[in-house]
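1. just a sequence and a predicted model for now, questions to come.
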Amino acid sequence: MKKPIMLIGMCGLLSNMVVGVLPTHAIPASQGKCAFNFASITPANGFQPIPGLSATVTNYGSTTNAIVHVSADVGVDDAAEVRISYSIDGGVPREDTYGPGNLANHQQYYEGRAVIAIVPIPYGTHTITPYWRVSGSAGKTAVIDSRCITAELNTQ
């Protein structure tokens, strides 16, 4: 009777040691980033990369969809909105192609905003960069503060 108990105890000790050694991640670091400085944009800027945000994913098979989440604290002038699009590997940003194009409308204060997109990713390693622009008349401004991106492939 002592042998099975000893074996069970050793298995428990070994599993605790293995779990303690292996790192655990929701996603690899390349697939998620946050930035915490202020940035602003006006209609004259057109589409620009959202400062500090991009995610890199690697697809080892045929084309599959990445789920891309972007969230941010955004302030938008009255009668304006912030539009979002995505660039793959530095290509032209494609608005309203992968998901909602509206990131933010005017509110009295900054507000946390979030959008999700489904982006087809071919074989290989690819970088997804969110872009933003202000839609409104000249002189309108949007300001972004804390913001994050995550991109996930092969979720289960």
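-> In hand now; what should we look at? Numbers count the residues shown, from 1 in each chain.

2. where does residue 136 land on pLDDT?
-> Turning to residue 136, the model gives it a pLDDT of 87.

3. right, and it touches residue 77 too?
-> Yes: counting by CB atoms under 8 Å, residue 136 touches residue 77, with 6.7 Å between them. In short, each C-beta sits where N, CA and C put it, glycine included.

4. okay, those two: which has more neighbours?
-> More crowded of residue 136 and residue 77, by other CB atoms under 10 Å: residue 136, with 19 against 16.

5. quick check: phi and psi at the more buried one.
-> Per-residue torsions, residue 136: phi 170, psi 180 (degrees, to the nearest 10).

6. got a list of what it touches?
-> 43, 77, 79-81 (CB atoms under 8 Å, 6 or more residues apart in numbering).

7. among the residues you listed, which are in helices?
-> Per DSSP state H, helices hold no members of the contacts of residue 136.

8. ok, those residues vs residue 91, which is closest?
-> Nearest to residue 91 among the contacts of residue 136: residue 43, at 22.7 Å, using CB to CB.

9. that closest one reaches residue 132, doesn't it?
-> No: assessed by CB under 8 Å, residue 43 is found out of contact with residue 132, at 11.6 Å.

10. hmm, back to that, in JSON lines: the contacts of residue 136, plus pLDDT and distance to residue 93.
-> Shown next, in JSON lines, are those (pLDDT from 0 to 100; distance: CB to CB, whole Å):
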{"residue": "43", "pLDDT": "94", "distance to residue 93": "16"}
{"residue": "77", "pLDDT": "94", "distance to residue 93": "22"}
{"residue": "79", "pLDDT": "92", "distance to residue 93": "24"}
{"residue": "80", "pLDDT": "93", "distance to residue 93": "19"}
{"residue": "81", "pLDDT": "94", "distance to residue 93": "16"}
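
11. more crowded one of residue 43 and residue 132?
-> For residue 43 versus residue 132, neighbours defined as other CB under 10 Å are more numerous around residue 132 (26 against 16).
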